[in-house]
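Participant: Sharing a sequence plus its predicted fold:
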Amino acid sequence: MASGPSEACSTSVTGSYNAPDYELPDVNTKAFNVGDFGRLWREKLKTDLSLDHDGEEEGEARQQLVAEPSIPADMVEELQMVCGVSTLDCSEETPNTDVIPQDTDLVTLQIRNKVIEKREERLVCDRTCRQEIFALEHHRERKPHHTMLVLGSQKLTELRDAISCVSDLQIGGEFSNTPDLAPEHISKDLYKSAFFFFEETFYNDMRYSECRDLSRTIIDWADSHDRGYGKFHAAKMEDYTFNDMCIKVGYPYLYCHQGDCEHLIIITDIRVVHHDDCLDKTLYPCLIKKPWIWTRKCSVCKLFIVRWVTNNDTLAPEDPSFFCDICFRMLHYDADGNKLGEFLAYPYVDPGIFN
């Protein structure tokens with residue numbers, strides 16, 4: 001997983017200025033302080049790089065209109081009301097794109113409607129329990145899962161909350177006897193501990209009472225013998241912003257959550273913000289790129305996304321076996337919902353949900 005450019009803008013950190021110096025050519029830099037690097041750039045540019053310009057452009061436009069002697073004051077008020085930003089808000093209800101009008105003249109919608117009717121003839125099902133997938137690009141493990149823009153003034157916890165992972169959505173438990181039982185919690189609600197590893201320091205998420213220090217086992221293991229890894233440290237993720245940290249550009253760091261789900265974090269660029277970036281600070285961390293992830297289809301119908309995975313299944317030729325919700329129930333339960341055969345069933349969360 002790769003993290004995109006980070007913008008160092010506000011918080012200053014004590015210490016000498018430290019510009020990046022490449023440790024390995026075309027690979028990564030030596031460690032440098034993000035806050036010092038941003039402060040050095042701002043001093044060189046000597047311009048206002050903040051994102052706080054709310055209402056300034058609108059006020060300037062009003063002053064220009066008032067300054068025109070040929071435009072009366074009441075017309076200025078009317079122009080502001082008719083051409084203001086508030087008029088861009090569409091209050092009407094958004095149409096349902098899943099419903100195809102029968103009287104449409106668009107050839108593409110007519111063809112799509114015929115395809116859907118043929119599918120319903122082969123397999124009668126409720127549209128709400130399926131999802132159509134169009135695989136545009138095969139996911140490669142070496143491709144970044146997410147590329148984000150992060151502000152230097154943001155805390156590490158904000159990046160942690162912005163990272164999407166299918167492991168956080170997993171549902172624990174075995175449901176072969178109660179497939180209709182709605183789970184109360186997902187893994188993200190139960191296991192909230194996580195850490196980032198930057199430059200020999202573990203930054204643990206300790207915002208909640210349920211959080212544990214996942215790095216303690218690693219630190220104790222490294223300290224028990226002279227293993228040549230140096231001295232590791234632990235800190236709270238919520239106490240540090242990116243401006244407070246010393247990092248290397250292009251160097252692989254670690255994000256770990258759910259106990260053993262690990263992601264590589266690579267800072268690919270550090271720069272000041274410019275007008276081509278998103279200027280709304282509330283939208284950061286800002287996701288700017290993600291690949292299309294290949295989805296797993298049902299092993300029976302080859303049509304719908306997998307919703308169940310079974311183990312020790314006497315009715316399936318493979319172990320494990322993957323089924324959509326419709327095929328799973330048709331094969332493993334009778335008309336009254338009674339279980340047929342012996343098997344273990346677990347809910348399956350497909351990574352393609354992030355598409």
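Facilitator: Happy to help now that I have it.
Participant: make it CA atoms for all contacts and neighbour counts henceforth
Facilitator: OK.
Participant: Spell out the secondary structure type for residue 82.
Facilitator: helix (DSSP: H, G, I helix; E, B strand; the rest coil).
Participant: Mind pulling up the pLDDT for it?
Facilitator: Reading off the confidence values, residue 82 has pLDDT 73.
Participant: since we're on it, how many residues are nearby?
Facilitator: Neighbouring residues of residue 82 were enumerated by other C-alpha atoms under 10 Å; the total is 11.
Participant: got the contact list for residue 168?
Facilitator: By C-alpha atoms under 8 Å, 6 or more residues apart in numbering, the residues touching residue 168 are 186-188, 258.
Participant: can you do 7 Å?
Facilitator: By C-alpha atoms under 7 Å, 6 or more residues apart in numbering, the contact set of residue 168 is 186-188.
Participant: Next: residue 262.
Facilitator: For residue 262, the contact set (C-alpha under 7 Å, 6+ apart) comprises 254-256.
Participant: Buried ones among the residues you listed?
Facilitator: Neighbour counting over the contacts of residue 262 (16 or more other C-alpha atoms under 10 Å) leaves 255-256 as the buried ones.
Participant: now the contacts of residue 262 in CSV, with pLDDT, secondary structure and distance to residue 199?
Facilitator: Written out in CSV, the entries for the contacts of residue 262 read as follows (pLDDT from 0 to 100; DSSP: H, G, I helix; E, B strand; the rest coil; distance: C-alpha to C-alpha, whole Å):
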residue, pLDDT, secondary structure, distance to residue 199
254, 89, strand, 10
255, 91, strand, 13
256, 91, strand, 15
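Participant: still on that earlier bit, which one of the contacts of residue 168 is nearest residue 341?
Facilitator: For the contacts of residue 168, the minimum distance to residue 341 (C-alpha to C-alpha) is 28.0 Å, reached by residue 186.
Participant: I'd assumed residue 167 was in contact with the closest one.
Facilitator: No: with the criterion set as C-alpha atoms under 7 Å, residue 186 and residue 167 do not qualify as a contacting pair; they are 9.3 Å apart.
Participant: Might you list the low-confidence residue ranges for the stretch 51-200 of the chain?
Facilitator: 51-70, 84-98, 119-144, 182 (pLDDT under 70).
Participant: ranges for the helices of the stretch 51-200 of the chain?
Facilitator: In the stretch 51-200 of the chain, the helices defined using DSSP state H, counting those that start in this stretch lie at 56-67, 73-83, 107-122, 156-162, 187-190.
Participant: what does the stretch 201-350 of the chain give?
Facilitator: When assigned using DSSP H, counting those that start in this stretch, the helices of the stretch 201-350 of the chain occupy the ranges 216-224, 325-332.
Participant: Quickly compare these and say which is most buried.
Facilitator: By mean neighbour count, with neighbours taken as mean count of other C-alpha atoms under 10 Å, helix 325-332 ranks first of these at a mean of 18.
Participant: pLDDT (mean, whole number) over that helix?
Facilitator: Summarised as a single mean, pLDDT over helix 325-332 is 88.
Participant: and if you look at stretch 273-283?
Facilitator: Per-residue pLDDT values over stretch 273-283 give a mean of 82.
Participant: ok, and for that stretch, which residues are buried?
Facilitator: Neighbour counts using 16+ other C-alpha under 10 Å place 273, 279 of stretch 273-283 among the buried residues.
Participant: Now do the end-to-end distance for it.
Facilitator: Using C-alpha to C-alpha, to the nearest Å, the gap from the first to the last residue of stretch 273-283 comes to 14 Å.
Participant: and the residue nearest to residue 233 when sequence neighbours are not counted, how far is that from residue 229?
Facilitator: Spatial nearest neighbour of residue 233, excluding adjacent residues (C-alpha to C-alpha, 6 or more residues apart in numbering): residue 201 at 4.6 Å. Plainly put, residue 201 is 12 Å away from residue 229 if you go by C-alpha to C-alpha.
Participant: These two - which one has more neighbours?
Facilitator: When residue 201 and residue 229 are compared on other C-alpha under 10 Å, the one with more neighbours turns out to be residue 201, at 16 against 9.
Participant: thought that one was touching residue 232?
Facilitator: Yes: using C-alpha under 7 Å, residue 201 is in contact with residue 232, at 5.8 Å.
Participant: Near residue 210, how many residues? Count them for me, please.
Facilitator: Applying other C-alpha under 10 Å, I find that residue 210 has 11 neighbouring residues.
Participant: Tell me who's in contact with it.
Facilitator: Counted by C-alpha under 7 Å, 6+ apart, residue 210 has contacts residue 192.
Participant: Let me know the pLDDT of it.
Facilitator: The per-residue pLDDT of residue 210 was computed as 86.
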